[in-house]
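*Asks:* only geometry, no sequence info:
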C-alpha cells in the first residue's frame, strides 16, 4: 500500500513536519520505508528538474527530514542527528537511481549540511558532484545551483568540480533545468 500512497504520505509528512516536532521516530521509520520503494520517481513533463524533484515523494522525504533537522536548531560542526545520518547516506548511494530526486533536493541544502557535518558531507554528498558521472553530477548541481548562496569553505573543497560545471550547461538544457 505504501507504493500506491507514497505521494500522499510524503505530502502529509512534509506538511506536518513544518508544524510539529513530536514523534520523530515515526517520521524516520516512514521515511525509511518510502525511500526503500523502487518506483518513487515521477516524470512529469513541462517541469524543470528541481520542481520535479521537490514534487517527487523521495524529494519530499528529504524536505521533511530537513525540517526535522532544522527544528533542532543545529549548530555548525555538531554533526548530523543519529537517525538522519543513515537515511541521508542511503540517499547518496548512486546505485539507487530511484532516489535521484532525493539527491537533487539534498544537494540544494549542501551548504547547511556542510556546516553541520563537514566530514559526512565530504564523504557522502560531495563525491556526487564529480563530473566523472555526468548524469548524476548534473542533477546534484541543479539542486545546488537552485540555491543562490555560496559558502567559500565549501567552494574551496569543490573548486575543480565547480569550475568544470561551466563546461556542462548543455547537459542542464537537455534535462529541462531552470535557466541560470
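*Replies:* Received, thanks. Computed from a prediction, not measured in an experiment: that's the story for all the values here. Numbering: from 1, shown residues only.

*Asks:* Could you use CA atoms for every contact and neighbour count after this?
*Replies:* Will do.

*Asks:* So what's the gap between the helix or strand hosting residue 141 and the chain middle?
*Replies:* Following DSSP states H and E, one finds residue 141 within helix 134-146. How far helix 134-146 lies from its chain's middle: 10 Å, per Cα atoms, centre = their mean, to the nearest Å.

*Asks:* any residues touching that helix, and which ones?
*Replies:* For helix 134-146, contacts defined as Cα atoms under 8 Å, 6 or more residues apart in numbering pick out 49-50, 94, 100-101, 103-110, 128-131, 165, 168, 171-172, 177-178.

*Asks:* Any buried residues in the helix or strand that it is followed by, and which?
*Replies:* Helices and strands here follow DSSP H and E; after helix 134-146, the next one along the chain is helix 152-157. Neighbour counts using 16 or more other Cα atoms under 10 Å place residue 154 of helix 152-157 among the buried residues.

*Asks:* okay, which residue is most central for the protein?
*Replies:* residue 106 (1.7 Å; Cα atoms, centre = their mean).

*Asks:* pLDDT (mean, whole number) over stretch 78-98?
*Replies:* Stretch 78-98 shows a mean pLDDT of 95.

*Asks:* no, scratch that, I was asking about stretch 104-123
*Replies:* Average pLDDT, stretch 104-123: 97.

*Asks:* Any idea how far it is from the middle of the chain?
*Replies:* 9 Å.
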